[in-house]
Each structure stands twice: as structure tokens, then as C-alpha cells.
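K.L.:
Just the structure for this:
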Amino acid sequence: MTESASVGPVRRIWDGRNDPDSPVSAREEGGAPSGDALVDGAYDALGVTWDFFRTVYGRNSIDGRGGPVEAVLRTGEPGVAWQRSRILLGDGGVPAVEALAEQFTAGIIHHTAELESYGEPGALAVSLGNVFGVLAQQYGLQHTVQEADWLFGQGVPSSDGAGGSLKDPARFHQAAHMADYDDTAGDDGGVHANAGIPSRAFYLVATELGGHAWDRAGRIWYKALMEYAARTTNFSAFRYATIGAARDLDWSTDAVAKAWSAVGVER
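P.N.:
Sure, this is the predicted structure:
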């Protein structure tokens, strides 16, 4: 994929805490710090996220064409969410890089594969957000696969202090193997309950390849998303996509196939 050159991110932070229907500009690219911890925290985290995708994968912003990255602060919003063309931020605390990168990824999926938001494609989309959110966090910290904690959703109210884990999804009540797949009509067909299956597969590939996960396993997953995934891609199809991407990159297809088999996703 060829993308236009860019000298840097174009971030726009809006404050809708007083009037969600008419948010006001709180900080734009190159502007001085606002003095508001939530505004400046979002601005900084989006900078790390933009740099991560541009430096590691050559992605020029969410839309791939250098478009602005917009985030809106809203009172009472539950955490962070992607909405059409912007990221919604709750007012419960300074957003982490991982949380912003997760929704940045949702925007990328919106502009590329357009994965359905139900069933396995929806669970795959959730997993991809978690994977690249964790990778952006690891990139910012320069953690290797051994140093990383593999947690996402940190700061989410829970006894574990996080929302989930790529390493151990079952610890957070997500399926980690197809034997535990939750075939439910709720949760949009189990998109959150079952996202742990492809997430665990990614973790297994990352630890097998070692080093920095974003530079090895992450490249396989990103190439699979960009070049192989489509609207109805399910776990099995994404298995083939990642094997194909590994082959294209001249890396171990055996490590990828073995990881998917370990979570019960076969041919």
C-alpha cells in the first residue's frame, strides 16, 4: 500500500464535557499544553500512537492519507470508543496509549477490511484492537516480549486492575480456545467473550518469534489485516491470512500455524 508523505500527526482534541452536542476546541496540533490533564494526556497518547503506526507499519494516520486524528472528551462516557470518524474519551482519567491505540485500530479497520461487528469477524476486530493497543504500549515502553505484561484495559475497574490479557484471556473470563467458544446471541454474537482466541494465538506467535512483538509478530498481523482480511473474515480465514503474511515476509509459517492450532483454530 502506497501512502502519502506526512511531516507528522494532525491531532485535534475537542472538549464536549459541558455540551456534548457542541464540543469546543481544546488543543490542536502544535498548540501549547492546555493545562487540562485529560486533554493533554489524550494529545500525548495520540502522538505516541500515530508515531507507532507510522514508524513501524508506514501507516499515515487512521485513514492512511494523513487525515486528522480527532478525539472528543465526553462526561459519563465508558472508557474510550470509536464513533464513525473520531475517538470518544470518557472523563474518568488520563487515557493510556493502549486505549487510544485500540480505537485508532478500530478506525483503521473501518477504512480497510471493514470487519463485520458481529460473531467471529466482530471478535476478530476486537482482538485486533487489543493486539495493536498492547503493541503500541510496548513500543512506547520499548519492552521485549519477555518484559511485557500483555495486559490491556489497565485502569478498567476490576480486581485485576486491567480489562484483559493477550497471554491469559481466561483470567478475564474470555475464551482462550475454540473448545470454550461462547456461541451466544448476546454481546453481538460474543465479540468480547471470544476475542481472546485470536489474541492468545497472537501472543503465542509473538513469544515464539521473540524480540519486540511489534516488529515481528505485529508485522505479520498487520500485513494480514491490510492485504488479506475482508468484511466476513472469521478466525479460520484469518489463520490463513497470517500464514500467508508470514510467508510473504519470509518468516516462520510453522510458528503461526502451531499457534492457531494451540487455540483450536484449524483448517
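K.L.:
can we go C-alpha only for contacts and neighbour counts from here?
P.N.:
Will do.
K.L.:
Beyond the worst-scoring helix or strand of the chain on mean pLDDT, next helix or strand please.
P.N.:
Of all the helices and strands that make up the chain, strand 80-83 has the lowest average by mean pLDDT, DSSP states H and E, namely a mean of 90. Sequence-wise, the next helix or strand downstream of strand 80-83 (DSSP states H and E) is strand 86-89.
K.L.:
for that next one, packing partners?
P.N.:
On a contact count with 3 or more CA pairs under 8 Å, 6 or more residues apart in numbering; DSSP states H and E, strand 86-89 meets strand 69-73, strand 80-83, helix 97-111.
K.L.:
Helices of the stretch 51-200 of the chain, start to end?
P.N.:
Assigned by DSSP state H, counting those that start in this stretch, the stretch 51-200 of the chain shows helices spanning 97-111, 119-141, 186-190, 196-209.
K.L.:
least reliable of the helices and strands packed on strand 86-89 going by mean pLDDT?
P.N.:
Comparing mean pLDDT across these, the weakest is strand 80-83, with a mean of 90.
K.L.:
Pull it out as CSV, backbone CA atoms only.
P.N.:
Output in CSV follows, covering the C-alpha atoms of strand 80-83 (Å, rounded to 0.1, in the frame of the first residue of the first chain):
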residue,chain,number,x,y,z
VAL,A,80,-12.7,5.0,25.1
ALA,A,81,-14.7,4.2,21.9
TRP,A,82,-14.6,4.7,18.2
GLN,A,83,-17.5,6.5,16.7
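K.L.:
Flag every buried residue along that strand.
P.N.:
For strand 80-83, the neighbour count (16 or more other CA atoms under 10 Å) marks 80-82 as buried.
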